[in-house]
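Asker: Let's see this in three dimensions:
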Amino acid sequence: MRMTIRAGPVLFRTLFLTLLLALPWAAAASGAGTVTADAPVYQFSPVNQYNLKLSAGFWNPIVRYVSDKSGVRLNLKIGRTSADTTSFVLAREVDFAFTNHLFSPERAKLGWTVFARPDRAPVHGQIVVAFDSPARSLADLAGGTVVFSGPEAVLAYQIPHAELLRRQHKVNVVFAGNMDAAFAQLFSGRAMAAGAHSQLARRYGAREDKAFRVLWTSPPLNDLALMASPRVPRQHVQAVADAFLNMGRDPEGRRILANASALVRASEPLSFVAATEADYDAYRRFHDAAPATPR
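Answerer: Sure thing, here's the model as predicted:
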């Protein structure tokens, strides 16, 4: 994996993450992969849904498999927070993404296209509290601290916060960097409530033996999309898409997906299906109607 180091106060964390993501590639290099030395190389950025160690364990085997099967080398590139990861996309530093951050009108102009999505039921934005919290309604949160993963999180921040704004419940907004960190702040008592991605809340509860109470749930939306930059040639996009879509039909791919699901305590097996822009129209409707939200 190409090493990317940014100067500044997060230098050590960036270096640590680069090594964390690169080591599984190095360990696999002695195997019989099919990626040749002259294979095209692209950067792949999935938004931060878990802590960094869990994200690396989840994505590295999948990226390695897709690279081997497609003949297109993907390098995993994840920032310290979801906002950092999305900044790579906006700065044109990556070529493939797993995201729902590109459906606002201004970002649609960047020309990224959807080619696949997880094959599972729609998900929801939520506002949750610890099960033993005295808060019973959104009105109870007024004046209190609500923690969110980050300003880029559509399901876990923008949609829930828009609902609080719509109801005129003013809260103190805090960003934790990722969903795991937000839930940790909630259960430590540092926040009254958390904005949540419904699926990630269920998985966190299973991994950490924690119980939530849901105060509000959004209408259903499809989860994150696999997307390609307009810079990537069509034949390379198709090769990568075919590798993702065929994982569930291949014994090796199914094993990798099953391991990834088990790692994050997913109740349903992971696989991918073909998708189009129309599968994400609900996001566009949200952005068209949403109140102004601090970013």
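
Asker: make it CA atoms for all contacts and neighbour counts henceforth
Answerer: Noted.

Asker: ranges for the strands of this structure?
Answerer: Using DSSP state E, the strands found in the chain span residues 41-46, 73-76, 96-99, 113-118, 125-130, 145-148, 172-175, 193-197, 212-217, 225-228, 272-274.

Asker: ranking those by burial, who's on top?
Answerer: Of all those, strand 193-197 has the most neighbours on average by mean count of other CA atoms under 10 Å, namely a mean of 30.

Asker: Now tell me what touches that one from outside.
Answerer: Strand 193-197 has contacts (CA atoms under 8 Å, 6 or more residues apart in numbering) with 123-130, 141, 145-149, 155-157, 160-161, 179, 182-183, 186.

Asker: what about Gln49, neighbour count?
Answerer: For Gln49, the neighbour count with other CA atoms under 10 Å is 18.

Asker: Can you give me the distance of it to Asp38?
Answerer: Gln49 sits 32 Å away from Asp38, going by CA to CA, to the nearest Å.

Asker: Now do the same for the residue lying farthest from the centre of the chain: its pLDDT.
Answerer: Distance to the chain centre peaks in the chain at Pro134, reaching 30.5 Å (criterion: CA atoms, centre = their mean). Note on Pro134: pLDDT of 96.

Asker: now Ala28
Answerer: The model's pLDDT for Ala28 equals 38.

Asker: again, but for Pro24
Answerer: 42.

Asker: Same check on Ile5?
Answerer: So, for Ile5, pLDDT stands at 29.

Asker: what do you get for Ala153?
Answerer: In this model, Ala153 carries a pLDDT of 94.

Asker: How many residues are close by it?
Answerer: The number of residues near Ala153, taken as other CA under 10 Å, comes to 28.

Asker: what sits against Ala116?
Answerer: Ala116 touches Ala225, Leu226, Met227, Ala241, Phe244, Leu245, Phe272, Val273, Ala274, Ala275, Thr276, counting by CA under 8 Å, 6+ apart.

Asker: try it again with 6 Å
Answerer: The contact partners of Ala116, taken as CA atoms under 6 Å, 6 or more residues apart in numbering, are Leu226, Val273, Ala274, Ala275.

Asker: What's the separation between Gln43 and Asp68?
Answerer: For Gln43 relative to Asp68 (CA to CA), the value is 15 Å.

Asker: next one: Ser149
Answerer: Counting by CA to CA, the gap from Ser149 to Asp68 is 33 Å.

Asker: For those two, indicate the residue with more neighbours.
Answerer: Taking other CA under 10 Å, Ser149 and Asp68 do not tie; Ser149 has more neighbours (30 against 19).

Asker: Disregarding flanking residues, what is the spatial nearest neighbour of that one?
Answerer: Among residues not flanking Ser149 along the chain, Asn178 sits closest, at 4.3 Å (CA to CA, 6 or more residues apart in numbering).

Asker: neighbours around the one you found, how many?
Answerer: Neighbours of Asn178 (other CA under 10 Å): 23.

Asker: of the strands of the chain, which approaches Arg249 most closely?
Answerer: For those, the distance to Arg249 is smallest for strand 272-274, at 10.4 Å, taking CA to CA.

Asker: And the closest one, what does it pack against?
Answerer: Under the contact criterion of 3 or more CA pairs under 6 Å, 6 or more residues apart in numbering; DSSP states H and E, strand 272-274 touches strand 113-118.

Asker: Direction included, what does the strand it packs on pair up with?
Answerer: Partner strands and pairing direction for strand 113-118 (DSSP bridges) are strand 225-228 (antiparallel), strand 272-274 (antiparallel).

Asker: Nearest to Pro251, out of those strands?
Answerer: The closest of the strands paired with strand 113-118 to Pro251 is strand 272-274. By CA to CA, the value is 14.7 Å.

Asker: which outside residues touch that closest one?
Answerer: Contacts of strand 272-274 (CA under 6 Å, 6+ apart): Phe115, Ala116, Arg117, Pro118, Asp119, Leu245.

Asker: and of those residues, the nearest to Val94?
Answerer: Phe115 (16.1 Å).

Asker: for the closest residue to the closest one other than its chain neighbours, what are its contacts?
Answerer: Counting by CA to CA, 6+ apart, Phe115 lies nearest to Ala275, which is 5.2 Å off, once chain neighbours are set aside. Contact partners of Ala275, counting by CA under 6 Å, 6+ apart, are Phe115, Ala116, Arg117.

Asker: Poorly predicted segments of the stretch 151-295 of the chain, please.
Answerer: The model of the stretch 151-295 of the chain has pLDDT under 70 over residues 292-295.

Asker: hmm, try it at 80
Answerer: 291-295 (pLDDT under 80).
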